[in-house]
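**Q** sequence unavailable; structure follows:
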Ligand SMILES: Nc1ncnc2c1ncn2[C@@H]1O[C@H](COP(=O)(O)OP(=O)(O)O)[C@@H](O)[C@H]1O
Ligand SMILES: [Mg+2]
């Protein structure tokens, strides 16, 4: 038995390929936090060798609980079953996608893009961000008219997300009052305004054109192969929503503030020219606010912060700078 590869993943390999044996299991260069993943070398019965990217539930019960609450594992499996087939090279090809609604266990076997350079929020260039924007613009355009037959796909504008946002914003406020948010404190004025004007925020954001969005698009979720298309991975938060959620998260977290200021207008232009919608600026600003919310909520779930770090700068420093640049920290109410 190869260490590190659970039985359900082996079983999925055996039903998907004419598996002779698993030759090698290797960690990915930049592992994620929500699940376990590995590159797997296999040999098929006719002697063919191939590599596969495998993903399965986190070993940590706390993370599995978070995943179950947000439906993250089920959503990614359903994405590969129902939507990925139309995405061409913008997402990895699927070999196998299974999910057990009873236990929330899942196995994903995907095309291995181990030859591609993994994106990295802390060290991305404008060129990298531009490539990812072109890819996401194409996907948003494909889904702009809506998608049918996907009852599992949550709606960002729906009451469930609003209830969740209310719950999380209250939790953030309580943690802040107890001094538990250190780096996140720069975003607290913005989140306090969001909390006060939550209904108005969603009412305004709902006027934006809805498409299908990745929901957690930042450079760590992007692979950069030699070919021009960037490939987007980690579809656990896929949902119906505003294009600005993806565009803002990608640009704001992917570039240091000075770089973003220099290139922001051009990057939004690239997005439009690549087929993404127009009238983006309001949605982009809503995306900055939502990114502030997501990052603070994430930091709180992650436990106590330890000093300043590159991650803290990406999660908070860059987002606070963008919020200030877009007039979202002027104390006059979010998005006014
Ligand atoms: N199909 C793939 N081929 C090669 N590497 C991949 C593939 N999909 C994801 N990766 C790499 O593995 C990392 C973790 O995968 P991801 O789906 O983001 O898991 P998590 O949900 O744990 O964040 C990604 O950041 C990326 O670098
Ligand atoms: Mg990831």
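**A** Now that the structure is in, tell me what you want to look at. Quantities reported herein were computed from a predicted structural model and do not represent experimental measurements. Ligands and ions are numbered 1, 2, ... in the order given.
**Q** write out the residues of the stretch 1-150 of the chain neighbouring ligand 1.
**A** With the criterion set to Cβ under 6 Å from any ligand atom, the stretch 1-150 of the chain comes near ligand 1 through 28, 30-35, 37, 53, 55, 92, 110-114, 118. Where C-beta positions appear, they are placed from N, C-alpha and C, glycine not excepted.
**Q** restrict these to the buried ones and give me that as a PyMOL selection.
**A** Here is the PyMOL command that picks out the buried ones among those, judged by 16 or more other Cβ atoms under 10 Å:
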select buried, resi 28+34+35+37+53+55+92+110+111+112+113+118
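**Q** and ligand 2, which of the residues of the stretch 1-150 of the chain next to ligand 1 reach it?
**A** residue 32 (Cβ under 5 Å from the ion).
**Q** any idea where the strands of the chain begin and end?
**A** Using DSSP state E, the strands of the chain run over 19-27, 35-44, 49-57, 94-99, 106-111, 117-118, 210-213, 222-224, 231-232, 239-242.
**Q** tell me which residues in stretch 179-195 are buried?
**A** For stretch 179-195, by 16+ other Cβ under 10 Å, it's 181, 183-184, 186-195.
**Q** go through this protein and flag its longest helix.
**A** helix 281-302 (DSSP state H).
**Q** which elements pack onto it?
**A** Here helix 281-302 touches helix 159-177, helix 188-196, helix 198-206, strand 239-242, helix 243-254, helix 318-325, going by 3 or more Cβ pairs under 8 Å, 6 or more residues apart in numbering; DSSP states H and E.
**Q** for ligand 1, give me its nearest residue in the chain.
**A** Scanning the chain for the residue nearest ligand 1 gives residue 32, at 1.8 Å (criterion: Cβ to the nearest ligand atom).
**Q** just give the closest residue to that residue, not the sequence neighbours.
**A** Nearest residue to residue 32, sequence neighbours excluded (Cβ to Cβ, 6 or more residues apart in numbering): residue 234, at 6.3 Å.
**Q** ok, the one you found to ligand 2 distance?
**A** From residue 234 across to ligand 2, the span is 4 Å (Cβ to the ion, to the nearest Å).
**Q** now tabulate the strands of the chain in JSON lines and tack on mean pLDDT.
**A** Formatted as JSON lines, these follow (pLDDT from 0 to 100):
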{"stretch": "strand 19-27", "mean pLDDT": "96"}
{"stretch": "strand 35-44", "mean pLDDT": "97"}
{"stretch": "strand 49-57", "mean pLDDT": "98"}
{"stretch": "strand 94-99", "mean pLDDT": "98"}
{"stretch": "strand 106-111", "mean pLDDT": "98"}
{"stretch": "strand 117-118", "mean pLDDT": "96"}
{"stretch": "strand 210-213", "mean pLDDT": "92"}
{"stretch": "strand 222-224", "mean pLDDT": "98"}
{"stretch": "strand 231-232", "mean pLDDT": "98"}
{"stretch": "strand 239-242", "mean pLDDT": "94"}
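**Q** make TSV out of the ones you listed and add distance to residue 269.
**A** Formatted as TSV, the strands of the chain follow (distance: least, Cβ to Cβ, whole Å):
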stretch	distance to residue 269
strand 19-27	38
strand 35-44	35
strand 49-57	33
strand 94-99	33
strand 106-111	31
strand 117-118	25
strand 210-213	19
strand 222-224	20
strand 231-232	20
strand 239-242	19
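**Q** can you tell which of these is closest to residue 126?
**A** The stretch from the strands of the chain with the least distance to residue 126 (Cβ to Cβ) is strand 222-224; that distance is 13.1 Å.
**Q** report the strands that pair with that closest one, each with its relative direction.
**A** Strands that pair with strand 222-224, judged by DSSP bridges, come out as strand 117-118 (antiparallel), strand 231-232 (antiparallel).
**Q** if you compare those strands, which one is most tucked away?
**A** Mean neighbours per residue, mean count of other Cβ atoms under 10 Å, is largest over the strands paired with strand 222-224 for strand 231-232, with a mean of 22.
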